[in-house]
Structure formats: C-alpha cells, structure tokens
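Enquirer: coordinates only, sequence not included:
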C-alpha cells in the first residue's frame, strides 16, 4: 500500500503539469490553420482571444505560438495590400470622375461657338492627370457639322484647370478650349467612355 501512494502522487503531478483542455484546443487550432487568406480573420481572432485569457503559465505551454504569430503577420500583409489597392482604386475613380467634368466643361464651352452645336459628337477622349493636383492634359476628338451641313473632324483640349464640376461651365462660360494639333500619343492617361460624355453633354447643353 505504501508503494501505491507515491505512484499516484507522481501520476497526479505529471497530469497537472501537462497542457490542459484549453491549451490543447489552442494548439490544435493553430496546427489546423491552413493557407492564410483574407477570410482567415475570424479564425485568427478566435485563437488570439482564447490565448490571451490563458494564464502566463499556460501561455508558455502553447509551444506553436510562434507559428501562430507568423500566420498573423501573413494575414496583416494581405490586409494591408487589400487596403492599398482599395485606396488606389478610389483615387483612380476620383480622378476619372474629375476628368469627366473637365471634359464636359471643355466640350460644352466649345459647343457654344459652333454653328450646329447639337451636331457635336465625341469620338475619343483621353485625360491624363498631371503632377500638379487638379490639372489634366486632355485630348478630345470630335465630329460636327459645319455651316454647309458637312461633317468635319477636329481635336480640342489642352491643360484643363478650374473645372472640378459642371458648375464651373456655368460659372466660367467664357473659357474656350483650344483647337489642337496633337496626336493620341501626346496624352498618356485614362481613356474615357464617350457614350457617358455624350449623355452629360446632351443633359447640360
């Protein structure tokens, strides 16, 4: 009987020193983490929350915590890249929206001096944001009927400023775009949807 008691004590000590149920659950969850994607956020947060409520002693028993931290780092990099792309997309969307207003402003101003303004049709538009914010280099190719009713081809544009909205057209109707002698290669920017531009012109002229 005296021999049995020490053995029981040793077994009890071994069990109590080993990982408990919570620790084992966290270890297994980390081991089961697959390839990290943007969809892994909830899973990572669940493991992190469970780990943080452990005692300091139990935290030391999570031997694969470094693996978990590597997974977190991988996720954060993916998240940062997603945010960077979203920011870039918003910037492009904003630049294109401003460019459309600039183009509409130039076209509407030019249409005021045409003999047959309602014959004005946009054929190609490209707008290049320049280094100075709010300045665009623009080329607009168009057709319109002259005083004899014949179709003529032309190009207008140049550097557009102070036309952040269609209200600028109404506020500064005296601004007239310049006839251009340039090629498409001279402008390196966004190629705008000519149908959208034409709709804006028809609604605002």
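Expert: On my side now, so go ahead. Here the structure is a predicted model, which means the values were calculated and not measured.

Enquirer: where along this structure do the strands fall?
Expert: Ranges of strands in the chain, per DSSP state E, are 121-129, 136-145, 151-160, 178-179, 190-191.

Enquirer: which other residues reach the last one?
Expert: Among residues not part of strand 190-191, those counted as contacts by C-beta atoms under 8 Å, 6 or more residues apart in numbering are 92, 95-96, 99, 124-129. Heads up, the C-betas are built off the backbone N, CA and C, glycines and all.

Enquirer: run the last query once more with 7 Å
Expert: Identification of contacts with strand 190-191 by C-beta atoms under 7 Å, 6 or more residues apart in numbering yields 95-96, 99, 126-127.

Enquirer: next one: it to chain centre, how far?
Expert: On the basis of C-alpha atoms, centre = their mean, to the nearest Å, strand 190-191 sits 17 Å off its chain's mean C-alpha point.

Enquirer: what about residue 33, neighbour count?
Expert: Neighbourhood size, residue 33 [other C-beta atoms under 10 Å]: 18.

Enquirer: got the contact list for it?
Expert: 43, 71.

Enquirer: show the pLDDT at it.
Expert: For residue 33, the model assigns a pLDDT of 95.

Enquirer: so how far is residue 22 from it?
Expert: Residue 33 sits 17 Å away from residue 22, going by C-beta to C-beta, to the nearest Å.

Enquirer: how many residues are close by residue 114?
Expert: Neighbour count of residue 114, defined by other C-beta under 10 Å: 17.

Enquirer: where does the closest residue to it other than its chain neighbours land on pLDDT?
Expert: Among residues not flanking residue 114 along the chain, residue 144 sits closest, at 5.7 Å (C-beta to C-beta, 6 or more residues apart in numbering). On pLDDT, residue 144 comes in at 93.

Enquirer: where in the chain is pLDDT low?
Expert: For the chain, the stretches with pLDDT under 70 are 1-18, 132-134, 160-178.

Enquirer: residue ranges of the helices in it, please?
Expert: Along the chain, counting by DSSP state H, helices occupy 4-17, 21-31, 41-52, 56-59, 65-111, 166-171, 194-204.

Enquirer: out of those, nearest to residue 152?
Expert: Residue 152 lies closest to helix 65-111 among the helices of the chain, at 12.9 Å (C-beta to C-beta).

Enquirer: centre of the chain to that closest one, how far?
Expert: Helix 65-111 has its C-alpha centroid displaced from the chain centroid by 2 Å (C-alpha atoms, centre = their mean).

Enquirer: could you say what helices and strands it packs with?
Expert: helix 41-52, strand 121-129, strand 136-145, strand 151-160, helix 166-171, strand 190-191, helix 194-204 (3 or more C-beta pairs under 7 Å, 6 or more residues apart in numbering; DSSP states H and E).
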